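>>> from the sequence below, what's the structure:
(one chain, ligands or ions: 2)
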Amino acid sequence: MGEDDTIAAISTPLGEGGIGIVRVSGKDALQIADKIFVGSRKKSLEELPSHSLNYGRIIDPDSGQVIDEVLLSIMRAPRTYTREDIVEINCHGGIVPTKRVLELVLEKGARLAEPGEFTKRAFLNGRIDLSQAEAVMDLIRAQTDMGLAVAVNQLEGGLSKRVNSIRDILLEVLAHIEASIDFPEEDIEEMSIEEIKTRIVNAVKEIDKLLDTANTGKIIKEGLKTVIIGKPNVGKSSLLNALLQEKRAIVTDIPGTTRDIIEEVINIKGIPLKIVDTAGIRETEDIVEKIGVERSREFFAKADLVLLVLDAADELTKEDIMIMELIGEKKAIILINKTDLPQKLDEERVMNMVGDKPVLKISVKENLGIEDLKDTIAQIFFKGELKSRDNTMITNIRHRDALKKAKENLVDAIKTIDAGMPLDCMSIDIKEAWNRIGEITGETVKEDILNEIFRRFCIGK
Ligand SMILES: Nc1nc2c(ncn2[C@@H]2O[C@H](COP(=O)(O)OP(=O)(O)OP(=O)(O)O)[C@@H](O)[C@H]2O)c(=O)[nH]1
Ligand SMILES: [Mg+2]
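Ligands and ions are numbered 1, 2, ... in the order given. Predicted coordinates for the structure are as follows:
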């Protein structure tokens with residue numbers, strides 16, 4: 001895998017900032033840095049202590065040109081992010097100085113790191129397992145405090161622990177089965193078939209507990225796709241602005257104001273909402289508006305949650321009815337807006353049409369009912385489960401699929417037991433489940449999957 005070479009990358013975002021960091025990892029890190037760093041103490045880097053921060057300059061040894069004034073940290077293996085020698089050069093933040101320093105480092109023998117390669121090395125060198133490595137990226141991309149808490153838990157091994165305990169159950173069962181097959185004449189402490197079954201059933205229960213968190217986990221990580229929909233002029237854009245607390249979308253009293261999709265992320269009670277304001281749905285001959293209406297329908301189709309806005313000061317129109325019928329089984333909250341105005345809307349009829357979906361009366365103008373709306377969103381999605389202090393959640397489709405497949409194997413094994421078949425018939429299934437679960441922590445994962453995972457990381461991480 002070429003883990004022998006020394007890699008380097010700019011680890012801070014490209015642009016102007018207080019500092020920009022060039023990170024170098026590998027056995028030649030210090031030697032390479034030594035060629036371009038001139039410290040105030042006249043020592044070579046090799047002589048400086050580990051985990052020290054050193055002031056000096058980066059100088060191009062060929063031209064003698066001073067590139068930047070820097071702080072350089074030395075971290076010797078194994079107590080480092082990658083478990084290799086690491087040098088981090090803190091430059092003055094800016095595109096040119098950091099790039100020049102990186103170029104010099106590459107010139108002097110390092111190779112440009114691939115995305116996620118530092119973290120990949122941390123995994124390959126055994127400092128963290130694969131689920132922890134994946135958590136690093138989740139942590140960086142967390143959109144809410146809750147997303148952060150779940151990622152930190154996973155980084156600290158919360159998920160690994162649960163997964164490993166399931167694997168331990170299976171391993172013990174396997175050991176007994178194999179021993180009794182290989183050495184039937186020896187007196188191996190018997191595990192009765194009932195005992196074996198109980199253990200497998202327990203493993204399935206543990207898997208189910210984890211799988212139960214997958215929906216919530218996905219929302220926490222990816223955000224809840226929410227669409228604001230309704231006929232023109234009911235106050236959709238006003239609602240978006242109220243939730244964002246800024247004048248993001250144009251609001252006018254002309255129906256058909258919003259023509260393009262406006263997408264924003266808002267944090268509502270810890271839930272990241274990927275919220276979309278759409279063009280009001282109606283029959284129209286205007287080409288631009290027509291495209292807008294088409295796009296509204298597309299976003300509607302993909303949404304996890306629909307906020308349907310009605311106008312309290314208007315009679316129900318055929319557009320309103322058509323949109324209400326569109327909702328069908330989707331999760332939706334019906335918002336009767338403009339309740340500050342005299343009511344013309346037939347509320348009873350709305351209630352009858354939408355069945356058990358929540359109906360809230362709001363006035364965006366008077367800022368009434370917005371808090372209720374937030375509470376309702378939180379209730380619909382989390383039904384209190386987020387109040388639990390256990391932050392171990394399945395936020396990753398790869399993990400979810402591995403658990404599902406493992407469960408199928410175990411269910412097959414239980415069937416085999418129930419059918420009274422010999423022990424060795426089910427050891428294949430149990431072994432397979434054990435392997436599947438091992439994919440989560442990377443014990444049994446294939447190299448192409450590894451590459452696929454780390455390819456999604458940012459450069460320099
Ligand atoms: N009285 C009153 N007026 C409101 C309220 N909410 C929005 N409006 C007004 O209704 C008009 C339309 O608001 P928008 O937010 O642009 O409506 P929209 O649904 O986005 O309209 P389109 O983009 O055309 O589909 C504006 O004049 C708003 O000021 C409310 O709660 N009460
Ligand atoms: Mg609008």
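
>>> up against ligand 2, what does this structure have?
Within the chain, the positions lying close to ligand 2 (Cβ under 5 Å from the ion) are Lys236, Ser237, Thr257, Thr258. The way it works is simple: take the backbone N, C-alpha and C, and place the C-beta from them, glycine included.

>>> go again using 6 Å as the cut-off
Lys236, Ser237, Ala249, Thr257, Thr258, Asp277 (Cβ under 6 Å from the ion).

>>> now stretch 406-415: mean pLDDT?
The average pLDDT for stretch 406-415 rounds to 97.

>>> hmm, who's touching that stretch?
With Cβ atoms under 8 Å, 6 or more residues apart in numbering as the test, stretch 406-415 has contacts from 166, 197, 200-201, 203-204, 207-208, 211, 426, 429-430, 432-434, 436-437.

>>> hmm, back to that, please identify which of the residues of the chain next to ligand 2 is nearest to Leu243.
Checking the residues of the chain next to ligand 2 against Leu243 with Cβ to Cβ, the nearest one is Asp277 at 9.7 Å.

>>> okay, now Glu325: neighbour count?
Using other Cβ atoms under 10 Å, Glu325 has 10 other residues around it.

>>> thinking again about what came up before, the residues of the chain next to ligand 2 in strands, which ones?
Asp277 (DSSP state E).

>>> so which of the residues of the chain next to ligand 2 sit within helices?
Judged by DSSP state H, the subset of these located in helices is Lys236, Ser237.

>>> one step back: got a ChimeraX select line for the buried ones in the contacts of stretch 406-415?
Provided next is the ChimeraX selection string for whichever of the contacts of stretch 406-415 are buried by 16 or more other Cβ atoms under 10 Å:
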select :166,197,200,203,204,207,211,426,429,430,432,433,434,436,437
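
>>> greatest separation within the residues of the chain next to ligand 2: which pair is it?
Largest pairwise distance in the residues of the chain next to ligand 2, by Cβ to Cβ, is 10.3 Å, between Thr257 and Asp277.

>>> quick one, which of those two is more surrounded?
Asp277 (27 against 17).

>>> how about low-confidence regions in the protein?
1-3, 184-189, 383-389 (pLDDT under 70).

>>> find the nearest non-adjacent residue to the residue sitting nearest the centre point of the chain, please.
Closest to where the C-alpha atoms of the chain average out (Cα atoms, centre = their mean) is Lys221, at 3.8 Å. In this structure, Lys221 finds its nearest non-sequential neighbour in Thr395, 4.1 Å apart by Cβ to Cβ, 6 or more residues apart in numbering.

>>> wait, isn't that neighbour in contact with Val150?
Yes: with contact defined as Cβ atoms under 8 Å, Thr395 reaches Val150; the gap is 6.1 Å.

>>> residues in contact with the closest residue in space to Leu211 that isn't next to it in sequence?
Closest residue to Leu211 apart from its sequence neighbours, by Cβ to Cβ, 6+ apart: Leu403 at 5.6 Å. When contacts are counted by Cβ under 8 Å, 6+ apart, Leu403 touches Ile207, Leu210, Leu211, Ile394, Arg436, Ile437, Ile440.

>>> the first one contacts Ile166, correct?
Yes: the pair Ile207 and Ile166 qualifies as a contact (Cβ under 8 Å) at a distance of 6.4 Å.

>>> burial count for whatever residue of the chain ends up closest to ligand 1?
Ligand 1 sits closest to Gly280 of the chain, with a gap of 2.6 Å, by Cβ to the nearest ligand atom. Applying other Cβ under 10 Å, we find 25 other residues in the vicinity of Gly280.

>>> what helix or strand is the residue nearest to it when sequence neighbours are not counted on?
Among residues not flanking Gly280 along the chain, Pro232 sits closest, at 3.0 Å (Cβ to Cβ, 6+ apart). Using DSSP states H and E, Pro232 is not contained in any helix or strand.

>>> Pro232: how many residues sit nearby?
A count of neighbours around Pro232, defined by other Cβ under 10 Å, yields 19.

>>> so what does it have for phi and psi?
With angles defined as degrees, to the nearest 10, Pro232 sits at phi -60, psi 150.

>>> how about the strands in the stretch 101-250 of the chain?
111-112, 224-229 (DSSP state E, counting those that start in this stretch).

>>> the last one close to ligand 1?
Right, strand 224-229. No: judged by Cβ under 6 Å from any ligand atom, strand 224-229 makes no contact with ligand 1; its nearest approach is 8.0 Å.
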